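Chemist: Following is a predicted model, sequence given first.
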2 protein chains.
Amino acid sequence: MTAAHDHTPEDEQPFEIAGLRIDILEGAFSWYIRSIDFAVSKDLDARMGHLEVAKGKGKITTLFLIDDYPGIRPSAIAGVLMRDRPATGRIIDKLVTAGLATRETHAGDARAQALHITPKGHALAEEVREIIRQQEREFFDVIPDEDRDQFMRLLKRAYMGIRDKWQ
Amino acid sequence: MTAAHDHTPEDEQPFEIAGLRIDILEGAFSWYIRSIDFAVSKDLDARMGHLEVAKGKGKITTLFLIDDYPGIRPSAIAGVLMRDRPATGRIIDKLVTAGLATRETHAGDARAQALHITPKGHALAEEVREIIRQQEREFFDVIPDEDRDQFMRLLKRAYMGIRDKWQ
DNA sequence: GCAAAGTAGTTGTGAAGAACAACTACACTT
DNA sequence: AAGTGTAGTTGTTCTTCACAACTACTTTGC
């Protein structure tokens, strides 16, 4: 019944976004990554709008790292975030200003700092963990159960490869 | 028939980033998406730094849409970009200012605009297509050949699901 | 020991981007 | 012809970002 209408094979079916085709981007990993990022970041902002670590790219990771590694140095955080030191320092500024973490001079190397979580910061970390879990459940429910492991495996692999290259 | 069952041991190992574990984010789709996006966007900026459509989130897609759909309206582009009209309008401003596209009143609806590519814009679109192809080859070479189709399929599926939810 | 070079983090600055709201102009409906 | 809805612009304000210059401390080499 649809035979005469469209001859494109099943796995190469025309892929329309809002009724339009997007040229070469249709087959570009980068486009999907960037688009999904845009949506997931907005969704996360909405879920965390009322919290002090909302918006921006490194606050949540930084909060968790300080919570999990008492005495961690800013430069170690920068390594995880793939950001430079000024950017990392300013993220830490915000956490300290908000009373979520403390900065001390590192025992043994007075150039470095030792970061510690505050009770308020720890409580917030717990709250954020729950929000992340919730987002994974609610936002990514579009990924069928049978695909989840595979998708995660591929994302991790891509991430690790990209990260190695970047260093 | 299904040969995709080779279970790599890396799936079960503790997953460290720069020697640190990242708490609940280790199992969060959002974290990998956001991290890969960060890296891929930086890489793209580096590859296109000299061009007029470098940086930001919608210029490339907009350029392609205007190139492929002569007379397209800004609101149609906004639909693809998932952005609001002010944001879309300002992207178009930049393309027009740079001499890459033209704005006319839409024949038949004087509220709307009809966008057209200029020769310069078309040439740039060609150049950008080649850069995207190159990035897909060089940057995403970390994805093994045998995983590419599957990864693309999963990304498309996730994207479409997220997009549907959006509207 | 002491100068030189390297490392850790801060500050300054200027350019871009993002969200929201208010506004003009035109189209469609009744 | 009035009211409602749609298309797009402008204005404002708040962040964010990248780069460079700077201070303070540590390590190395002679």
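Modeler: Cool, the structure landed. Numbering: from 1, shown residues only, chains lettered A, B, ... in the order given.
Chemist: Look at A:Arg47 and tell me its secondary structure.
Modeler: Secondary structure, DSSP: H, G, I helix; E, B strand; the rest coil: A:Arg47 is helix.
Chemist: nearest spatial neighbour of it, skipping sequence neighbours?
Modeler: A:Ile131 (5.2 Å; Cβ to Cβ, 6 or more residues apart in numbering or on different chains). For glycine as for every other residue, the C-beta is placed from the backbone atoms N, C-alpha and C.
Chemist: Look up how far DNA strand C lies from the one you found.
Modeler: 18 Å (Cβ to the nearest atom of the strand, to the nearest Å).
Chemist: who's in contact with that residue?
Modeler: Going by Cβ atoms under 8 Å, 6 or more residues apart in numbering or on different chains, A:Ile131 touches A:44, A:47-48.
Chemist: Quick check: the gap between it and A:Asp67.
Modeler: Counting by Cβ to Cβ, to the nearest Å, the separation of A:Ile131 from A:Asp67 is 15 Å.
Chemist: Likewise for A:Arg137?
Modeler: Distance of A:Arg137 to A:Asp67, computed by Cβ to Cβ: 22 Å.
Chemist: Look up which helix or strand A:Pro86 falls in, please.
Modeler: Per DSSP states H and E: A:Pro86 is located in helix A:85-97.
Chemist: can you list contacts of that helix?
Modeler: By Cβ under 8 Å, 6+ apart, the residues outside helix A:85-97 that reach it are A:52-53, A:56, A:58-59, A:62-63, A:66, A:74-75, A:77-78, A:81, A:83, A:101-103, A:115, A:121.
Chemist: can you narrow the residues you listed to ones near DNA strand C?
Modeler: The residues of the contacts of helix A:85-97 that also fall near DNA strand C, by Cβ under 7 Å from any atom of the strand, are A:74-75, A:78, A:103.
Chemist: any chance of the contacts of A:Ile131 in TSV, plus neighbour count?
Modeler: Listed next are these as TSV, based on neighbours: other Cβ atoms under 10 Å in any protein chain shown:
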residue	neighbour count
A:Leu44	20
A:Arg47	17
A:Met48	19
